[in-house]
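S.K.: Structure of the sequence below:
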Amino acid sequence: MRISQIKFKNVLSFGGNIENVIEFLDDGGMIQISGENGLGKSNVVRLLEIGLYYNYPSLVSNIINDQCKEGFIEISVRTGLDNYIVHNLFKSKKLHTISVTKNGIVQDWGNITKASSL
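M.R.: Numbers count the residues shown, from 1 in each chain. I've put the predicted structure just below:
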């Protein structure tokens, strides 16, 4: 699996109602995330953990930035010849919907009514 893009809005320390996009080149090289303390480098890793695995239960109530009521994390990955997009929509500080597309076709995942059931 190769991550090609992370798109997110109003999650963790990234607020301001701005859609952010991080693109990963497919050149076989390494990825380096660098910057000053407090700029959100660790949160990029958290975006992947939450977006792909919903693996950050301690952050559930803090996923959405305090300034906003809704946000999302969208991860684009490629495996073999297939392209997947995993879209996590958060409303009122809870996971609301997970949608997955494979090669542009929406897969059946449905709505999440209680984030605690995950």
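S.K.: what stretches of this protein score poorly on pLDDT?
M.R.: Residue ranges of the chain with pLDDT under 70: 55-61, 108-118.
S.K.: Please enumerate the helices of it.
M.R.: Applying DSSP state H to the chain gives helices spanning 41-53.
S.K.: residue boundaries of the strands in it?
M.R.: Ranges of strands in the chain, per DSSP state E, are 2-11, 14-23, 70-79, 82-91, 94-102, 105-107.
S.K.: Grab the nearest non-local neighbour of the spatially most central residue of the chain.
M.R.: For the chain, the residue nearest the mean C-alpha position is I73 (2.8 Å; CA atoms, centre = their mean). Among residues not flanking I73 along the chain, G51 sits closest, at 3.9 Å (CB to CB, 6 or more residues apart in numbering). Where C-beta positions appear, they are placed from N, C-alpha and C, glycine not excepted.
S.K.: these two touch, right, the one you found and L89?
M.R.: No: using CB atoms under 8 Å as the test, G51 is too far from L89 to be in contact (11.1 Å).
S.K.: which one of those two has more residues nearby?
M.R.: More crowded of G51 and L89, by other CB atoms under 10 Å: G51, with 24 against 16.
S.K.: give the contact list for the more buried one.
M.R.: When contacts are counted by CB atoms under 8 Å, 6 or more residues apart in numbering, G51 touches 6, 8, 73-75, 86, 88.
S.K.: Compare the residues you listed and tell me which is most surrounded.
M.R.: Most surrounded of these: other CB under 10 Å gives I73, at 27 neighbours.
S.K.: I'd say that one and E49 touch.
M.R.: No: contact criterion CB under 8 Å: I73 and E49 do not qualify, at 9.9 Å.
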